[in-house]
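Q: Give me the fold of what follows.
(2 chains)
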Amino acid sequence: DAGVIQSPRHEVTEMGQEVTLRCKPISGHNSLFWYRQTMMRGLELLIYFNNNVPIDDSGMPEDRFSAKMPNASFSTLKIQPSEPRDSAVYFCATKADTGGPQHFGDGTRLSIL
Amino acid sequence: SQQGEEDPQALSIQEGENATMNCSYKTSINNLQWYRQNSGRGLVHLILIRSNEREKHSGRLRVTLDTSKKSSSLLITASRAADTASYFCAWASGAGSYQLTFGKGTKLSVIP
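A: Now for the predicted structure:
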């Protein structure tokens, strides 16, 4: 099992640019979560999908952030336009509806200059 | 914190010693989980304890839960250098228990 795969692992870009983070969930996992991790705020849930449908996006900080899950094998988190305060590590995690823990990818370390 | 605390924030011990990390939360929960994060990696699930359980063991890990005090502890016995990592508690509450709220974590350093 390849686990949750995130890309890119690192992204450095200038303020104002569009950033797209990608996640491939574990096959068969129906739930997908996007988190953001910073030193100041710790790990925060941004959005939760179940069966490709967004269920809870209350953690999305503002309209500059959007997430999609067009199919069971792929999800994206987009920031447009990006700002320096968006710099963080973004994690994708997935979980089977039948139970069990959340499985995390290794994250994307995002730096906005 | 509005959600909870973990203490200590950092812990440094010698190999072979036991490490204890504490977690407090502020809501009613369905279960509480502990995760480990190595530097530059994602979180890895260690153990889950349900709200009606008081203690659970897994290998060198022992977790306790006191719902009256809204607190949990993680004990790692006979620590190894490879246990060096950050440890996070996370609690699930509400309908469906899908949402996890994470503590700020304890950074454990085990010195060989």
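Q: Is chain B within reach of stretch A:80-88?
A: No: using C-beta under 8 Å from any C-beta of the partner chain, stretch A:80-88 never reaches chain B; the gap is at least 13.9 Å. C-beta coordinates here come from the backbone N, C-alpha and C atoms, glycine included.
Q: List the buried residues of that stretch.
A: Residues A:S82, A:D86, A:A88 are the ones in stretch A:80-88 that count as buried (16 or more other C-beta atoms under 10 Å in any protein chain shown).
Q: which one of the residues you listed sits closest to chain B?
A: For the buried residues of stretch A:80-88, the closest approach to chain B (C-beta to the nearest C-beta) belongs to A:A88, at 13.9 Å.
Q: surely the closest one meets A:M39?
A: No: using C-beta atoms under 8 Å, A:A88 makes no contact with A:M39, being 9.1 Å away.
Q: Run through the residues that contact B:I49.
A: Each residue near B:I49 by C-beta atoms under 8 Å, 6 or more residues apart in numbering or on different chains is listed here: B:N31, B:L32, B:Q33, B:E55, B:K56, B:V63, B:T64, B:L65, B:S72.
Q: how far away is A:N50 from A:F74?
A: Separation of A:N50 from A:F74 (C-beta to C-beta, to the nearest Å): 15 Å.
Q: if you count what's nearby, which of those two comes out ahead?
A: Taking other C-beta atoms under 10 Å in any protein chain shown, A:N50 and A:F74 do not tie; A:N50 has more neighbours (17 against 14).
Q: Do a quick rundown of the helices in chain B.
A: Taking DSSP state H as the criterion, chain B carries no helices.
Q: Please identify the residues of it in proximity to chain A?
A: Counting by C-beta under 8 Å from any C-beta, chain B sits next to chain A at B:33, B:35, B:40-45, B:48, B:88, B:98-105.
Q: Pull out the buried members of the residues you listed.
A: By neighbour count, with 16+ other C-beta under 10 Å, the residues of chain B next to chain A hold B:33, B:35, B:42-43, B:45, B:48, B:88, B:98-105 as buried.
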